[in-house]
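Take this sequence and fold it.
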Amino acid sequence: MESRNQDGFALIAVMGLVALVTVVAIGGFVLSKQVLHEASRVQGESRAFQVAQSGLDRELASFTPASLEAGVFERTGSTSDGVYTVVVTPLAGSAFEFLMTSTGISEEEAESVSMRFFYLDLWNMNIGAGDSAALGGGRGWNGNASITGPLYIRGDLDWSANAAYEGGPLFIRDGGLDVSGSGELGKAEPIKLYATNGIISGAGNVYLDGPISSSVPDIDLPWIDDEYMDEVYQKALDESIDNFMGSPSLALVNSEATGEDPTTYPSTRVTAVPASTSTSYKYIGPAAGRSALDAGTTFVEIDGSSFGSWDGNGYPVGSGIHDDFAYDAGAGTLYVEGTVFIDGDLHVGPNVQNYVGNGTLVVNGSIFIGANLEPRDGLSAEQAMGIVATGDIVIGDNVHSGNVRGHYTGAIFCNGTVGLYHTGTSYEGSILARDIYGDKPDIHLETNPILPTVLPESMPGAGGGIIFPGTWTRN
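Coordinates of the predicted model:
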C-alpha cells in the first residue's frame, strides 16, 4: 500500500515537472519570439535610418533652388536596404534657407531625418575669399556706408562709425565681428551670423536672428588661371568672326565678316584701341597672342572717343544691331556682347554713362572705373555686364579718373583687391575677389538677386553655389 502511494506521488511529481518544463519552454519560446521581434524591429529601424540618411546626403549634394522650382521634389530613391522619399521646404522669411526631410523605409520600419541648411549661389553674394581679406581697410567700413545682402569674408570685419549692414547672412571665416561707434548690423531686420571668432566687441549694436554659429564654410573660388585665360582668349577670337551678336546662342545675325576674314569686318572699330595689333576686334592685344597671366601691356581707355558701330551709326536706324564691342561717346553708351579680351589695363572714364548687351570684359591686368557704368534699361538677360581682372579693380577716385566717384551695376571677379574709393561710390551686384576694400564715407555695396539668372557666360563660377548645412534632427 505504501509502495502504491509512493508511485502515485512520483507520478504526480513527474507530471508537475513536465508541466513546469512545458511552461518554462512556452515562456522561453514567447520571450525568444519577443526578443527576435524586437531585434528585427531595431534592425529595421537602424536600416531605415541609414536609408533616410543616405537619401538626405544624396539629395543635399545635388540640391539647387532651380530644382525645387522645377517641381523635382518630392523625390524618391533607393539603396540596398530600402527606399527613401525626400521633400524640401523653403523656410519663411529667408530666400536662402531650406528644410530637407528624408524618410527611409526598410523591413516595414520607417525613420526620418531632417536638415536645415543654406544654399548660397556664389553670384548672389559678395565674397572676399583670400588668405586674409579683412574688410574695411585702414579706417574700416564707416561714415554712413552700407552693405546689403549676403557677405562672406576672411579675417575680422571692422564695422564702425554710422555704417549699416542689412540682409545677411553674414559669414566671417578666421575672424570675428568688431563693432565700434554707432555702426549697426541687422537693425531693420535681424540677420544670421556665422563667425569663427564670434563678436569681438559691440554686441549691443548687432541684431541677430538666432544664435551665432562658429561653423563657417571654407569657400575656395575658381581663381583665374592660364587655362581660363586661354579659353576666353580663344572665345574672343572666334566670336570676332562668327557673324553673331555676342554668342551664337543669342541667334542674332550681325554680319561681322565675310568668309571668316576679320579684315572684312565693316565697322570703324579700328580707332578703338591704340597699340593693339590684333585684327580680331574682340581681342585687343598683340597679334602674336595674349601675354602671360597679369602681364598684359595693351592699355585701353574708354571715355571721350567713340569706336565701333551701333543702331543709327553704321547700322540702319531701328535695326537693333550693334558691334559686340563698341562705344558711343555722344550718348555715353558702351556696347559689350559675348566675350571681349583686353590684354592690358582698362580705364573706364567719367563720360561713360551706361552699357548695353550681355557680355564679359576679360582684362589681363587691372581695371579702373570712374564712371556711372550701369545697364541702360535695367539689369536683364539683354543687359548684364561682367568684368574679370587678373589684377585689381578700383571703383571711384584713382589716378586715372581724378576726383570722381564711380558706380557699377553688374558682376566682378578678380584675383586681387576690389576697392571702392571716394565719397558716394557705390556698387550693385556681386563681387568675387581676394579682398573687398572700402574706407571712405558714404560708400555702398548691395547685391542684386536678378544677377545670377542673367550672368554672362564667361564669368568664372557661373552656375555654382554652396550648401551650408545647419541643424540636423532625427524625427
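
what ranges do the helices span in this structure?
According to DSSP state H, the chain carries its helices in the segments 2-61, 65-69, 226-239, 451-454.

Compare the ones you listed and say which comes out lowest on pLDDT.
Lowest mean pLDDT of the helices of the chain: helix 2-61, a mean of 68.

do you know how far the closest residue in space to Ala236 that isn't next to it in sequence is from Gly308?
Residue nearest to Ala236 in three dimensions, not counting chain neighbours: Phe341, with 3.9 Å by CB to CB, 6 or more residues apart in numbering. Just so you know, the C-beta spots here come from the backbone N, C-alpha and C atoms, and that holds for glycine as well. Counting by CB to CB, to the nearest Å, the separation of Phe341 from Gly308 is 16 Å.

Looking at these two now, which is surrounded by more residues?
The residue with more neighbours, out of Phe341 and Gly308, is Phe341; 29 against 23, by other CB atoms under 10 Å.

That one contacts Gly285, correct?
Yes - taking contacts as CB atoms under 8 Å, Phe341 lies within contact range of Gly285: 7.1 Å.

what sits in contact with each of the two?
Counting by CB atoms under 8 Å, 6 or more residues apart in numbering, the shared contacts of Phe341 and Gly285 are Asn364.

Please work out how many residues are found near Ser160.
Neighbour tally, Ser160, other CB under 10 Å: 20.

Assess the claim that it and Glu184 are in contact.
No - the criterion here is CB under 8 Å, and Ser160 misses it with Glu184 at 10.7 Å.

Show me where the stretch 251-400 of the chain has its strands.
283-284, 300-302, 310-311, 314-315, 325-328, 333-336, 338-342, 346-348, 354-363, 367-369, 372-373, 383-389, 393-395 (DSSP state E, counting those that start in this stretch).

Can you pull the poorly scored residue ranges out of the stretch 101-250 of the chain?
The stretch 101-250 of the chain contains residues with pLDDT under 70 at 132-142.

now do 80
Counting by pLDDT under 80, the stretch 101-250 of the chain contains low-confidence residues at 130-143, 161, 247-250.

Nearest residue to the middle of this protein?
Leu122 (0.8 Å; CA atoms, centre = their mean).

so who does Met385 touch?
With CB under 8 Å, 6+ apart, Met385 has these contacts: Val336, Tyr355, Gly357, Asn358, Gly359, Thr360, Leu361, Leu373, Pro375, Gly410, Ala411, Pro456.

how's the protein carved up into domains?
2-121, 125-205, 226-467 (automatic domain parsing).

and those domains as JSON lines, adding distance to Ile212?
Listed next are the domains of the chain as JSON lines, based on distance: least, CB to CB, whole Å:
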{"stretch": "domain 2-121", "distance to Ile212": "15"}
{"stretch": "domain 125-205", "distance to Ile212": "5"}
{"stretch": "domain 226-467", "distance to Ile212": "19"}
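
Ok, which of these comes nearest Asn475?
domain 2-121 (3.9 Å; CB to CB).

Pretty sure Ile467 is one of the things the residue nearest to the centre of the chain touches, is it not?
No - counting by CB under 8 Å, Leu122 sits too far from Ile467 to count as a contact (11.8 Å).

Give me the contact list for the longest strand anywhere in the chain.
Taking DSSP state E as the criterion, the chain has its longest strand at strand 109-121. With CB under 8 Å, 6+ apart as the test, strand 109-121 has contacts from 41, 44-45, 47-49, 51-53, 56, 60, 63-65, 91, 96-104, 150, 169, 192, 452, 464-475.

Show me just the buried residues among these.
44-45, 47-49, 51-53, 56, 60, 63, 65, 96-104, 150, 169, 192, 452, 465-468, 470 (16 or more other CB atoms under 10 Å).

Distance check, Asn205 against Gln50.
In terms of CB to CB, Asn205 sits 46 Å off from Gln50.

try Val179
With CB to CB as the criterion, Val179 and Gln50 are 45 Å apart.

So these two - more neighbours on which side?
Legend: neighbour count by other CB under 10 Å for Val179 and Gln50, higher for Val179 (23 against 18).

Excluding sequence neighbours, find me the nearest residue to the more buried one.
Gly202 (2.7 Å).

Please apply the same query to Gly143.
Pro441 (2.8 Å).

Return the member of the contacts of Met385 nearest to Ser215.
Nearest member of those to Ser215, counting by CB to CB, is Ala411, at 28.2 Å.

which residue packs closest to that closest one, ignoring adjacent ones?
Ala411 sits nearest to Gly386 (CB to CB, 6+ apart), 4.0 Å away.

who does that neighbour bridge with?
Under the criterion DSSP bridges, Gly386 forms beta bridges with Thr360, Ala411.

correct me, but it touches Cys414?
No - judged on CB under 8 Å, Gly386 makes no contact with Cys414 at a distance of 11.0 Å.

For these two, indicate the residue with more neighbours.
Gly386 (27 against 24).

ok, the more buried one - contacts?
Contacts of Gly386 by CB under 8 Å, 6+ apart are Gly359, Thr360, Leu361, Gly410, Ala411, Ile412, Phe413, Leu455, Pro456, Ser458, Met459.

burial of the third one, as a residue count?
Right, the one you point to is Leu361. 25.

Over to the first one?
Applying other CB under 10 Å, we find 29 other residues in the vicinity of Gly359.

Okay, Thr196 and Ile153: tell me how far apart.
11 Å.

Overlap in contacts, these two.
By CB under 8 Å, 6+ apart, the residues touching both Thr196 and Ile153 are Ile172, Arg173, Gly175.

Tell me the bridge partners for the first one.
What it means is Ile172. Ile153, Ala195.

could you measure it against Phe413, distance?
In terms of CB to CB, Ile172 sits 21 Å off from Phe413.

for the last one, same thing?
Relative to Phe413, Gly175 is positioned 23 Å away (criterion: CB to CB).

and what of Ala462?
10 Å.

any weak-confidence spans in the stretch 351-475 of the chain?
Using pLDDT under 80, the stretch 351-475 of the chain drops low at 397-405, 439-440, 463-465, 468, 470-471, 475.

same thing but at 90, please
370-372, 396-406, 419-425, 435, 437-443, 457, 461-475 (pLDDT under 90).

quick one: contacts for the nearest residue to Gln353 once chain neighbours are set aside?
Among residues not flanking Gln353 along the chain, Gly332 sits closest, at 3.2 Å (CB to CB, 6+ apart). Gly332 makes contact with Asn351, Val352, Gln353, Asn354, according to CB under 8 Å, 6+ apart.
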